[in-house]
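>>> just need the structure, nothing else, for what follows:
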Amino acid sequence: MARPKMWPDGKKALDEVRENGRQRQIEPIAEPIQEMIKRDTVHVFNVGPFAYPKLNAGSLGLFAIPACQVGAPMSWERLSMPSRNGQYVPDHWEETEERVTDPHSQYAAMRPLPGIPPEPLIMDEKTAMWSIKDTGRYLANELLGVGIGHAPHDSLVRRGCFVAEGKKPTAEELQKARMELSKWMQEQVREADLAWSQGPIRAEMVIRPEVHHVCAEWLNLTDRDWLRGTKPEGRVKCQMCGLMADEGIATCANGHIVNAEAYKAAVQQQEAIRKSLGMN
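Modelled structure (predicted):
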């Protein structure tokens, strides 16, 4: 049986503890456990061009996976936080100066997760307690849509996101992530190709520039006709090879005649130019 996902009341409980801190007491977390929380941090990275800004991590708040684009953070630094008489104080992280300069060969980093996410639970009007039942890696997989109760087809792993074994991704991890991303992007390109071939109504319904155009451009597939727009009106299809050509153009990209009148006019124009230059 699958475990409950994410602790849906965690945020409410944490807000209650913060707002009523003077009235409601919470016991400290044992030092060895605090060490595990801070030592065994979990790191999520992204090698793709898509950002995921609002991933719900329950009482830990919202997490954002930045897109792998120029200027995105590649690492985070933990800032020292003073303890409150032995009480547990959550980590505070800030982006470092290490930034993405080449999206196709580098990666973006999400704010790290604690090794063990502590969950504040309200006991009564005066007391609360910390519940520690899952690891940061389990939570990270929840955010990425990996594990029991999640559809593998919808996982962010397919889009280039992954949980690294350490604080920095290895070459093998990056290669695997880029392979997953490439397969997913190729699927989106095939989807757009099919929609375009089925006419303007289907193309308008399916092709989204923020997804399909980005995928094609990331894969350097600049020859796709639908990159010029999701509305095929005003374009003609070559009966010889299937390539699309703008209305009024004489030939397709392969040199086949798609507009006889335009072709005749173009030939006459070329002959007139050659004659004026004395080339005939």
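>>> what's Ala203 sitting at in phi/psi?
As for Ala203, its main-chain torsions (degrees, to the nearest 10) stand at phi -60, psi -40.
>>> which other helices and strands contact the strand or helix carrying Glu180?
Glu180 is part of helix 171-197 when elements are defined by DSSP states H and E. Where contact means 3 or more CB pairs under 8 Å, 6 or more residues apart in numbering; DSSP states H and E, helix 171-197 is packed against strand 44-46, strand 161-163, helix 200-206, helix 214-218. (Glycine included, C-beta is placed from N, CA and C.)
>>> how about a cut-off of 7 Å?
Helices and strands touching helix 171-197, as assessed by 3 or more CB pairs under 7 Å, 6 or more residues apart in numbering; DSSP states H and E, comprise helix 200-206, helix 214-218.
>>> looking at those helices, which is closest to Val189?
In this view, the helices and strands packed on helix 171-197 are compared for proximity to Val189 by CB to CB, and helix 214-218 is the closest at 5.4 Å.
>>> how far off centre is the closest one?
13 Å (CA atoms, centre = their mean, to the nearest Å).
>>> kindly export it (C-alpha atoms) in CSV.
Coordinates of each C-alpha in helix 214-218 appear next as CSV, following Å, rounded to 0.1, in the frame of the first residue of the first chain:
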residue,chain,number,x,y,z
VAL,A,214,11.2,24.9,-27.8
CYS,A,215,11.8,21.2,-28.2
ALA,A,216,12.5,21.5,-32.0
GLU,A,217,14.8,24.4,-31.5
TRP,A,218,16.6,22.7,-28.6
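>>> tell me which residues are up against that helix.
Helix 214-218 has contacts (CB atoms under 7 Å, 6 or more residues apart in numbering) with 49, 185, 188-189, 224, 227.
>>> hmm, try it at 8 Å
48-50, 104, 185-186, 188-189, 192, 222, 224, 227 (CB atoms under 8 Å, 6 or more residues apart in numbering).
>>> for stretch 136-156, same thing?
2-3, 5-6, 40-42, 44, 52, 55, 57, 60, 63, 65, 113-117, 157-158, 161-163.
>>> circling back to that earlier point, quick one: which of the contacts of helix 214-218 is most hemmed in?
Within the contacts of helix 214-218, most neighbours by other CB atoms under 10 Å means Gly48, with 28 neighbours.
>>> just to check, that residue is in contact with Ala67?
Yes. Counting by CB atoms under 8 Å, a contact exists between Gly48 and Ala67, whose distance comes to 7.1 Å.
>>> what comes up buried for the helix or strand Pro32 falls within?
Using DSSP H and E, Pro32 sits within helix 31-39. Of the residues in helix 31-39, 33-34, 36-37 count as buried by neighbour count, 16 or more other CB atoms under 10 Å.
>>> of all those residues, which two lie farthest apart?
Spanning the widest gap among those are Gln34 and Met36, at 7.3 Å by CB to CB.
>>> for Lys54, which three-state class applies?
Three states are possible here, and by DSSP: H, G, I helix; E, B strand; the rest coil the one that applies to Lys54 is strand.
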